[in-house]
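S.K.: after the sequence you'll find the predicted model.
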Amino acid sequence: EKAATMFGKLPEGILIKPAAIEGIDYAEWLSIPGNSSSKAILWFHGGFYMIGSAQSHRQHVAKFVVGSGLNALVFNYRLAPEYPFPAALEDALLAYDFLIKSGYLPENIVFAGDSAGGGLCLAALLALKEKGLPLPAAAAVLSPWTDLLLTGATHQSNRKRCFSPEGCAENASKLYANGLDKSNPLISPLYGDLKGFPPLHISAGSHETLLDDSLKLAEKAREAGVKTTLIVGEGMCHCYPVFGSLFRESKEALADICQFLSRHAGNNIS
């Protein structure tokens with residue numbers, strides 16, 4: 001959370017309001033006066049299922065609130081190793097249920113998540129589908145961790161140029177799965193049945209270890225008939241759209257994701 005301040009101050013006009021969700025340690029709304037009160041982003045923060053919080057991701061999520069015209073609910077989920085799978089997924093479903101019970105319609109809710117949060121976002125979609133519950137209108141995942149078996153070739157080919165510490169994914173996947181089968185789709189969404197998913201927006205950098213997690217997900221989603229947008233930033237790093245206006249590629253990717261989220265939530269920003 002202290003490191004998050006490196007990304008600068010929150011955009012002007014952003015309001016922060018805690019949200020009380022039964023069963024969840026902490027959640028908060030990031031909003032701008034004038035944004036629709038009937039449409040929302042549910043944001044799943046990243047951090048290898050071991051670190052991160054709503055507070056650590058404020059600066060990132062705020063950019064999407066500004067760009068999409070949609071307020072965002074960000075929630076803390078329980079973290080490994082103290083709370084391995086399925087704790088994070090259970091908390092994610094509680095957050096979505098909170099939105100539904102608060103009067104938000106599924107067609108006005110969009111999911112978004114970064115890194116492990118992107119994987120959790122996809123796992124939540126699979127779990128909702130299994131339960132026969134209404135799915136959100138769309139989901140945008142930034143550098144999602146979709147395969148905790150780490151079968152992607154880019155885990156090796158990009159390991160020297162990705163800023164993810166070597167060995168971190170191996171350790172985190174072991175601690176999160178906690179002895180369970182890592183090919184379980186609710187742990188590794190890449191192995192799930194994506195048929196019936198809402199439109200997906202997938203972004204990744206060409207220099208990150210999780211590149212293949214995104215490429216394989218996009219291929220499988222398209223094979224399942226899911227309307228899929230994939231953008232790969234050449235020479236870009238992990239979760240590069242969150243850097244916003246810091247450089248051209250991130251600014252363009254951020255705008256593309258914001259338009260996707262806004263359009264599918266029925267916001268129709270120009």
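M.R.: Done, it's in. What you see is a predicted model; the values in this text were computed from it and never measured.

S.K.: which parts of the stretch 151-270 of the chain are strands?
M.R.: 200-205, 228-233 (DSSP state E, counting those that start in this stretch).

S.K.: tell me which of those strands sits most buried.
M.R.: strand 200-205 (a mean of 27; mean count of other C-beta atoms under 10 Å). C-beta here means a position set from N, CA and C on the backbone, and glycine is covered the same way.

S.K.: packing partners of that one?
M.R.: Secondary structure elements in contact with strand 200-205, counted by 3 or more C-beta pairs under 8 Å, 6 or more residues apart in numbering; DSSP states H and E, are strand 138-142, helix 211-223, strand 228-233, helix 248-264.

S.K.: give me whichever of these is most buried.
M.R.: Greatest average neighbour count among the helices and strands packed on strand 200-205 goes to strand 138-142 (a mean of 28), per mean count of other C-beta under 10 Å.

S.K.: then stretch 116-124 to PDB, C-alphas only?
M.R.: Written as PDB, here are the backbone C-alpha positions of stretch 116-124 (Å, rounded to 0.1, in the frame of the first residue of the first chain):
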ATOM      1  CA  ALA A 116      -4.100 -13.000 -10.200                       C
ATOM      2  CA  GLY A 117      -7.200 -10.800  -9.900                       C
ATOM      3  CA  GLY A 118      -7.800 -11.400 -13.600                       C
ATOM      4  CA  GLY A 119      -7.600 -15.100 -12.900                       C
ATOM      5  CA  LEU A 120     -10.000 -14.800  -9.900                       C
ATOM      6  CA  CYS A 121     -12.300 -12.700 -12.100                       C
ATOM      7  CA  LEU A 122     -12.500 -15.600 -14.700                       C
ATOM      8  CA  ALA A 123     -12.900 -18.200 -11.900                       C
ATOM      9  CA  ALA A 124     -15.800 -16.200 -10.500                       C
END
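
S.K.: want to try TSV for the strands of the stretch 151-270 of the chain, with mean pLDDT as columns?
M.R.: Formatted as TSV, the entries for the strands of the stretch 151-270 of the chain read as follows, by pLDDT from 0 to 100:
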stretch	mean pLDDT
strand 200-205	98
strand 228-233	97
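
S.K.: could I get these as TSV with distance to A116?
M.R.: Converted to TSV, these look like this (distance: least, C-beta to C-beta, whole Å):
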stretch	distance to A116
strand 200-205	14
strand 228-233	19
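
S.K.: so for G119, which of those strands sits nearest?
M.R.: The closest approach between G119 and any of the strands of the stretch 151-270 of the chain, judged by C-beta to C-beta, belongs to strand 200-205 at 11.7 Å.

S.K.: which helices and strands sit right next to the helix or strand of the chain with the lowest mean pLDDT?
M.R.: Comparing every helix and strand of the chain by mean pLDDT, DSSP states H and E singles out helix 154-157 as the least confident one, with a mean of 90. Applying 3+ C-beta pairs under 8 Å, 6+ apart, one finds that helix 154-157 makes contact with helix 211-223.
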